[in-house]
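**Q** my questions are about this predicted structure, shown below with the sequence.
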Amino acid sequence: MKCTDFPESIRPYVVPEVAGRYIYRCLGCQATFGVEELLYTCPQCGSVLMIRDEDWDRLKAIPGPTWRRIFDYRAMVTEPALKGIYRFHELLGSILPLDAVIYLGEGHTPVVQANAKMRDWVGRPFFFKNDGQNPSASFKDRGMASAFSYLNHLIKSQGLTQVLAVCASTGDTSAAAALYASYLVDGVTSAVLLPQGKVTPQQLSQPLGSGARVIEIPGVFDDCMKIVEYLAEHYPVALMNSKNAWRILGQESYSYEIAQAFDYEVADLVVTVPIGNAGNITAVMAGFLKLHDLGIITQLPWILGVQSHHADPVYRYYLEPDPQKREFRPVTVQPSVAQAAMIGNPVSMPRVVQLVEQFRSIAGDQAVQVVQVTEQEIMDAMLRANRNGHIACTQGGECLAGWRRAVADGAIPDGKVGVLDATAHALKFAIFQEKYFEDRFEPEFGVVPKEELRNRPVLVRPPQGVPCPVPGAGMDAESFRAFVTATGDAVASMLGLRK
Ligand SMILES: N[C@@H](CCOP(=O)(O)O)C(=O)O
């Protein structure tokens with residue numbers, strides 16, 4: 001839709017202008033720093049940073065309902081820079097000129113309602129938001145679009161050359177970082193550090209296909225993360241994990257899209273996310289808080305974080321009801337089917353602590369909860385979801401298991417509706433489905449397949465003596481007819497069909 005076709009009252013806002021004063025703010029010592037330089041941790045105390053717009057209050061001059069209209073109309077704009085996460089430019093990157101924006105098709109992911117069978121299985125209605133339908137098949141693309149657009153801006157405005165983008169990953173971050181780096185070609189290359197043998201074959205193929213240097217490290221994700229932090233401290237590299245606060249800004253778009261999908265009425269929603277490195281839950285809370293602050297939503301939704309019992313440091317932290325007594329302790333992770341979230345020492349934990357406090361102070365203590373689920377529950381939930389029309393990955397299964405657990409525990413009152421994060425595409429995690437169907441989970445996972453959820457291919461051959469096609473060799477018409485009839489009848493008998 002062309003700008004000139006918009007109502008006159010909206011036209012001045014359709015193309016956002018470059019505005020705002022962005023700074024990094026340290027969550028430890030509260031020091032602030034300009035964003036002209038890419039920082040990951042506070043140069044003074046080493047704590048994690050968040051990005052803040054010092055000119056934020058200018059946005060309050062526009063009433064909430066007008067913002068809603070602006071974002072709704074913008075969803076119809078054909079300008080590529082505004083088609084993805086930057087249709088929320090003012091909220092997540094207003095200092096970036098539109099010509100710096102990298103758009104690879106991220107965002108705008110579908111929100112799919114669960115059918116009646118799934119609703120009854122859980123006891124509450126819910127939706128999956130399919131972030132696996134992003135370009136590299138996970139939600140990380142939202143954060144990478146932001147971090148790489150900012151990097152592109154630095155390259156253009158400061159003439160940077162030879163940028164090496166580095167990340168540690170359980171598989172999704174590396175796919176996204178490698179994809180966005182490959183798009184920038186001139187001046188940017190990428191290297192990804194993966195825990196050896198702990199990403200799926202599909203995830204391993206993604207950065208390889210995008211031309212990144214793929215480095216495998218013995219250990220788990222937390223070990224790779226430490227090495228990337230070391231590299232960022234001692235060498236000139238751009239760290240692309242969510243420790244980089246630009247990643248968080250981009251991932252806030254997930255909340256903006258949920259608000260938009262529900263006509264900005266989110267009070268009854270329980271936005272359910274798996275917690276791994278905790279960048280996602282950070283961004284989700286930060287996003288809703290911004291919408292609330294601008295009056296775009298009038299009430300906050302609830303947030304439900306989910307962790308596997310094999311990687312549950314955040315769950316353990318919030319088990320202690322008294323905030324004064326809470327103490328964060330990293331955990332040693334055990335093998336998890338929610339491999340993307342198999343993280344024992346999430347880098348965004350200080351951000352989570354601060355945002356949970358802020359969220360709860362507005363919406364009440366129940367408004368943010370964290371539940372723990374078993375590996376068995378995750379697998380069963382994922383398979384059940386996908387048998388009912390979804391494309392959930394194991395982390396999506398983790399969300400569903402957590403949502404169901406919270407309902408069963410009585411933590412979710414009647415009238416609440418879940419919005420569950422299917423963080424990545426099911427196909428990335430096909431290996432776990434395969435293990436389940438073939439009953440070959442290693443004992444450490446503690447997953448025993450339920451017969452009713454298993455599925456296997458069946459080979460049907462025609463009876464002996466009936467000719468079969470041989471690849472590359474021809475077949476005469478009569479033999480082929482005999483093959484089709486005999487095999488067709490065998491398939492029909494297997495399926496219980498009668499003529
Ligand atoms: N699950 C992540 C782990 C890294 O998280 P990040 O958001 O800090 O980059 C992955 O896919 O690698």
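**A** All right, it came through fine. If you're wondering where the values come from, they're calculated on a predicted model, not measured in any experiment.
**Q** so how far is Leu104 from the residue of the stretch 1-150 of the chain found nearest the ligand?
**A** The minimum distance from the stretch 1-150 of the chain to the ligand, using Cβ to the nearest ligand atom, falls at Lys140 (6.0 Å). Heads up, the C-betas are built off the backbone N, CA and C, glycines and all. Separation of Lys140 from Leu104 (Cβ to Cβ, to the nearest Å): 12 Å.
**Q** could you find the closest non-adjacent residue to His390?
**A** Excluding the flanking residues, the one nearest His390 by Cβ to Cβ, 6 or more residues apart in numbering is Phe128, at 5.3 Å.
**Q** what pLDDT is listed against that neighbour?
**A** Phe128 is assigned 98 on the pLDDT scale.
**Q** next helix or strand past the helix or strand harbouring it?
**A** Using DSSP states H and E, Phe128 sits in strand 126-130. Once strand 126-130 ends, the next helix or strand along the chain (criterion: DSSP H and E) is helix 140-158.
**Q** can you pull out the residues in contact with the helix or strand following that next one?
**A** Following helix 140-158 in sequence order, the next helix or strand is strand 163-168 (DSSP H and E). The contact list for strand 163-168, computed with Cβ atoms under 8 Å, 6 or more residues apart in numbering, reads 148, 151, 155, 173-174, 177, 181, 187-194, 221, 224-225, 227-228, 231-232, 236-241.
**Q** OK, contacts around the residue of the stretch 1-150 of the chain closest to the ligand?
**A** Lys140 neighbours (Cβ under 8 Å, 6+ apart): 134, 172-173, 175-177.
**Q** need the residues you listed in TSV with secondary structure and neighbour count, can you?
**A** Shown next, in TSV, are the contacts of Lys140 (DSSP: H, G, I helix; E, B strand; the rest coil; neighbours: other Cβ atoms under 10 Å):
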residue	secondary structure	neighbour count
Asn134	coil	27
Asp172	helix	30
Thr173	helix	29
Ala175	helix	31
Ala176	helix	34
Ala177	helix	33
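**Q** so which of these also contact the ligand?
**A** Applying Cβ under 6 Å from any ligand atom to the contacts of Lys140, one finds that 172-173 fall near the ligand.
**Q** only the buried residues of the helix or strand where Trp67 lies, if you could.
**A** When elements are assigned from DSSP H and E, Trp67 belongs to helix 64-74. Buried residues in helix 64-74, defined by neighbour count with 16 or more other Cβ atoms under 10 Å: 64, 67-71, 73-74.
**Q** any residues of the chain in contact with the ligand? List them.
**A** Residues of the chain lying close to the ligand by Cβ under 6 Å from any ligand atom are 140, 167, 169-173, 221, 241-242, 276-277, 279, 340.
**Q** which one of those has the most neighbours?
**A** Lys140 (35 neighbours; other Cβ atoms under 10 Å).
**Q** and the gap between it and Glu377?
**A** From Lys140 over to Glu377 the distance is 25 Å, taken as Cβ to Cβ.
**Q** go on, Thr78?
**A** For Thr78, the distance to Glu377 (Cβ to Cβ) stands at 44 Å.
**Q** what of Tyr22?
**A** 41 Å.
**Q** hey, where'd the helices end up in the stretch 301-450 of the chain?
**A** Using DSSP state H, counting those that start in this stretch, the helices assigned to the stretch 301-450 of the chain run over residues 313-319, 349-363, 375-386, 394-408, 430-437.
**Q** most tightly surrounded among the ones you listed?
**A** Of all the helices of the stretch 301-450 of the chain, helix 394-408 carries the top mean neighbour count, a mean of 28, counting by mean count of other Cβ atoms under 10 Å.
**Q** which strands or helices does that helix pack on?
**A** Applying 3 or more Cβ pairs under 8 Å, 6 or more residues apart in numbering; DSSP states H and E, we find helix 394-408 packed against helix 116-122, strand 126-130, strand 269-274, strand 302-308, strand 368-373, helix 375-386, strand 417-422.
**Q** cutoff 6 Å now
**A** Helix 394-408 is packed against strand 269-274, strand 302-308, strand 368-373, helix 375-386, strand 417-422, with contacts defined by 3 or more Cβ pairs under 6 Å, 6 or more residues apart in numbering; DSSP states H and E.
**Q** before we move on, back to that, how far out from the middle of the chain is the helix holding Trp67?
**A** Relative to its chain's centre, helix 64-74 lies at 25 Å (Cα atoms, centre = their mean, to the nearest Å).
**Q** this completes my enquiry, with thanks.
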